[in-house]
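**Q** need a structure here:
(2 chains)
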Number of protein chains: 2
Amino acid sequence: MVRQLRVAAAQVGRIDRGTPREEVIARLNALLEQAAAQKVKLAVFPETTFTTFFPRYWMEDEAEIASYFETEPVEGISHCASVKAFFDKAMELSIDVAIGYGEETSEGRRYNTASYVDSSGRTVGKYRKIHLPGTFEPFSKEQGVTNQLEKKLFAPGDLGFTAFRAPSLRAACGGDKSPIVGQLICNDRRWAEGWRVYGLQGVELMCVGYNTTAWAPQLWGIDPSSMTREEAYADAMFHHKLVCQANAYTNSTSLITSARCGNDDGLHPLISGSMIVDPEGHIVAENTTEGDELVVADIDLDACQQGKSKTFAFAKHRRIEMYGLICSQTGVVEPEEPAE
Amino acid sequence: MVRQLRVAAAQVGRIDRGTPREEVIARLNALLEQAAAQKVKLAVFPETTFTTFFPRYWMEDEAEIASYFETEPVEGISHCASVKAFFDKAMELSIDVAIGYGEETSEGRRYNTASYVDSSGRTVGKYRKIHLPGTFEPFSKEQGVTNQLEKKLFAPGDLGFTAFRAPSLRAACGGDKSPIVGQLICNDRRWAEGWRVYGLQGVELMCVGYNTTAWAPQLWGIDPSSMTREEAYADAMFHHKLVCQANAYTNSTSLITSARCGNDDGLHPLISGSMIVDPEGHIVAENTTEGDELVVADIDLDACQQGKSKTFAFAKHRRIEMYGLICSQTGVVEPEEPAE
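**A** Take a look at the predicted model:
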């Protein structure tokens, strides 16, 4: 059986601190038009797609910080005036979209969120980023220095790693089973735990948007003189691909991963690396530019069965009685030094 | 601070079904001599090093099966007559060794085991393989067909993923802290759970021996006509490197991984791929042959601190309240298909 589906990573290039949403959405809608022309059924957009990646900046103006969040619910047939034009376009073109944005709830809680909105305008999956990287305090308050203030700006996600069906794609992939979809955001892709929780729900298609800085020595804990900017870019890309390919393979899932990339405000670049990965961990399509770009591939959802039924047949091979520390211990406890 | 240590992966080539242990040990001891000449302090040998990788063969003769197991304890200053000459040589040359073998206990239980024996002849770490791959029944009883009968031949390991200190290396790496070491065997390296349990114990150096067949369509669940032998070899190598590099990176640990490789009995080859990987996931040394070969590198144990203190500072970033399924659910439970 072949449950084939045409999908895309919608990579988005430079967005500056002051770029208005209307300008961004015009670019996103151009990507949607390209997707429709190529008969794409699902397009995955990056993390915090509607704005610059604001946690990189030290900001003292509360009004500016607030401006990066959507304060109306970005749900279904969107009520959220600021981004409605994007969801309207996706629905008009009959494309499912997964897209990340800053979310502010009516209670004032702020999350780094991704919503999966199907082609009928229904939100069928929502994820709030669980592994928030960075620090609560800035490395520097100087402008132009790369901070990573997600721990300060967002609450950790409270919706779990919850896989869902995408029934709008059932007919498109010619099967009687809707695809099982999961979402992660950026740094989450480095943490095998989230992937495995999705794997345990039989995930067939992962959607992962990200912003990954190509130069952040303080974040990485390295001496800035130990690496050139070019080496740092290459290393950030190496790590990105490594964890994406390994976790797709070990959970036997297809993956669509989409970058916000480019030199926002002329600062240190964010890496590209948008790609579509098959359930054996092979890259089947990837970006060729550092700007807005649609990366398209046909994936076969049933290709997951090779791994799921053999090498990674969890029910046959996992030994949960040996995994206790993973769920009971957050940090490191080292073995003691033996007596002489 | 630099806690530098010279280590080696001792790759071992073809060993046939009837090759006597004495012949194998002569080759292993030649590798130990090379290691000593290069001032190596720790040499990591493969899985089931003293014999061919016998779970590939369908065997009906119980006496032959029994002959692949060490029935005396392979402990400390080894009491095990069949392999004593190997441990004696390592002690004579003052090299720590980690080595895999078939273990039969005095109660007759059989395990796929690796022991870490330090240069004074003490067993400071012992691991029994937890993720046994393959099947309880043969794919075929014909000779020359690749089976994978580990589930039939071994009991699952019962010693957990238990990190330990290697005090014999404390002086060698010029520090006041002994290295924290962990062991996995072959298929375990594909399972992030074992790596993470070691990571949660602050592991700095992982020792992983393996036998990985380059052609096993029934084991992989693929149509034999879908891939050439060369493509299959390349794919097995790709997956090996992918999981080793990703899990070293995401647990901020150095890794020494050592292959039993070559065309045992003129059958389908086992892949090579012996390598030393740094805590950022980079390969720092790797094999160049498909036979007996010592792969040597100097590693810096303190290089683990880059990852352990920043990107993978577990205490700051892990969210164990979201990981429950990993320890509570063995197999897959799919989300339900929504109502129309």
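**Q** buried ones in the helix or strand where residue A:284 lies?
**A** For residue A:284, the enclosing helix or strand under DSSP states H and E is strand A:283-286. By neighbour count with 16 or more other C-beta atoms under 10 Å in any protein chain shown, strand A:283-286 contains the buried residues A:283, A:285, A:286. Any C-beta I mention is one placed from the backbone N, CA and C, and that applies to glycine too.
**Q** Thought residue A:275 was touching the first one, still the case?
**A** Which is residue A:283. Yes: assessed by C-beta atoms under 8 Å, residue A:283 is found in contact with residue A:275 at 5.2 Å.
**Q** what ranges of chain A fall below the confidence cut-off?
**A** In the predicted model of chain A, residues A:1, A:340 satisfy pLDDT under 70.
**Q** What ranges does it have for its strands?
**A** A:4-11, A:42-44, A:69-70, A:96-104, A:110-117, A:123-128, A:164-165, A:180-185, A:205-211, A:254-260, A:275-277, A:283-286, A:293-300 (DSSP state E).
**Q** Give me the angle between the fifth one and strand A:96-104.
**A** Note on geometry: by axes from the mean of the first three to the mean of the last three C-alpha atoms, to 10 degrees, strand A:110-117 and strand A:96-104 are set 160 degrees apart in direction.
**Q** So for stretch A:114-126, what gets flagged as buried?
**A** Along stretch A:114-126, the positions that meet the burial threshold by neighbour count (16+ other C-beta under 10 Å) are A:114, A:115, A:116, A:117, A:118, A:119, A:121, A:122, A:123, A:124, A:125, A:126.
**Q** cool, stretch A:259-269 as well?
**A** Buried residues in stretch A:259-269, defined by neighbour count with 16+ other C-beta under 10 Å: A:259, A:260, A:261, A:262, A:264, A:265, A:267, A:268, A:269.
**Q** Residue A:312: which of these is nearest?
**A** If you rank the buried residues of stretch A:259-269 by distance to residue A:312 using C-beta to C-beta, residue A:259 comes first, at 27.0 Å.
**Q** Quick check: residues of the stretch 51-200 of chain A near chain B?
**A** A:124, A:130-133, A:156-157, A:160-161, A:163-165, A:167, A:177-178, A:180, A:187, A:190-197, A:199-200 (C-beta under 8 Å from any C-beta of the partner chain).
**Q** Among the residues you listed, which lie within helices?
**A** Cross-referencing those against helices under DSSP state H gives A:192, A:193, A:194, A:195, A:196, A:197, A:199.
**Q** Which among the residues you listed count as buried?
**A** If you count burial by 16+ other C-beta under 10 Å, the buried members of those come out as A:192, A:193, A:194, A:195, A:196, A:197, A:199.
**Q** List just the nearest of these to chain B.
**A** residue A:192 (3.5 Å; C-beta to the nearest C-beta).
**Q** so that closest one makes contact with residue A:249?
**A** No: Residue A:192 sits out of contact with residue A:249 when judged by C-beta under 8 Å, with a separation of 11.5 Å.
**Q** Which residue ranges of the stretch 1-150 of chain A form helices?
**A** With DSSP state H, counting those that start in this stretch as the definition, the stretch 1-150 of chain A shows helices at residue ranges A:21-37, A:62-67, A:84-92, A:150-153.
**Q** In the shortest one, which of the residues would be classed as buried?
**A** Residues of helix A:150-153 classed as buried: A:150, A:151, A:152, A:153 (neighbour count, 16+ other C-beta under 10 Å).
**Q** Which strands or helices does it pack on?
**A** Counting contacts by 3 or more C-beta pairs under 8 Å, 6 or more residues apart in numbering or on different chains; DSSP states H and E, there are no secondary-structure elements packed against helix A:150-153.
**Q** if I pick residue A:14, what's in contact with it?
**A** For residue A:14, the contact set (C-beta atoms under 8 Å, 6 or more residues apart in numbering or on different chains) comprises A:261, A:262, A:263, A:264, A:291.
**Q** Please report how far residue A:111 lies from residue B:148.
**A** For residue A:111, the distance to residue B:148 under the criterion C-beta to C-beta, to the nearest Å works out to 45 Å.
**Q** Ignore what I typed, I meant residue A:250.
**A** With distances defined as C-beta to C-beta, the gap from residue A:250 to residue B:148 amounts to 18 Å.
**Q** cool, and residue A:171?
**A** 39 Å.
**Q** Those two: who's more crowded?
**A** residue B:148 (23 against 11; other C-beta atoms under 10 Å in any protein chain shown).
**Q** Excluding covalently adjacent residues, which one is nearest to that one?
**A** Taking C-beta to C-beta, 6 or more residues apart in numbering or on different chains as the measure, residue B:148 lies nearest to residue B:134, with 3.0 Å between them; neighbours along the chain are not counted.
**Q** Tell me how many other residues crowd that neighbour.
**A** When neighbours are defined as other C-beta under 10 Å, residue B:134 has 25 of them.
**Q** Contact partners for it?
**A** If you count contacts by C-beta under 8 Å, 6+ apart, residue B:134 has them with B:55, B:147, B:148, B:149, B:150, B:151, B:152, B:219.
**Q** pretty sure residue A:131 is touching residue A:194, no?
**A** Yes: using C-beta under 8 Å, residue A:131 is in contact with residue A:194, at 7.0 Å.
**Q** who touches both of those two?
**A** In contact with both residue A:131 and residue A:194: residue A:188, using C-beta under 8 Å, 6+ apart.
**Q** Just grab the bridge partners of the nearest residue to residue A:184 once chain neighbours are set aside for me.
**A** Counting by C-beta to C-beta, 6+ apart, residue A:184 lies nearest to residue A:208, which is 4.8 Å off, once chain neighbours are set aside. Each beta-bridge partner of residue A:208 is listed here: residue A:184, residue A:257, as defined by DSSP bridges.
**Q** is it true that residue A:208 touches residue A:255?
**A** Yes: look at residue A:208 against residue A:255 with C-beta under 8 Å: they come within range, at 6.5 Å.
**Q** hey, what's in contact with both of these two?
**A** In terms of C-beta under 8 Å, 6+ apart, residue A:208 and residue A:255 are both contacted by the residues residue A:244.
**Q** Would you quantify the distance from the residue nearest to residue A:281 when sequence neighbours are not counted to residue B:243?
**A** On the basis of C-beta to C-beta, 6+ apart, the spatially nearest residue to residue A:281 that is not a chain neighbour turns out to be residue A:249, at 3.2 Å. Between residue A:249 and residue B:243 the distance is 7 Å, computed by C-beta to C-beta.
**Q** And residue A:268, by the same measure?
**A** For residue A:268, the distance to residue B:243 equals 31 Å [C-beta to C-beta].
**Q** now do residue A:198
**A** Relative to residue B:243, residue A:198 is positioned 18 Å away (criterion: C-beta to C-beta).
**Q** Same question for residue A:98.
**A** When distance is defined by C-beta to C-beta, residue A:98 is 27 Å away from residue B:243.
**Q** picking up where we left off before, now, of the residues of the stretch 51-200 of chain A next to chain B, which are buried?
**A** Neighbour-count burial (16+ other C-beta under 10 Å) applied to those gives A:124, A:130-133, A:156-157, A:160-161, A:163-165, A:167, A:177-178, A:180, A:187, A:190-197, A:199-200.
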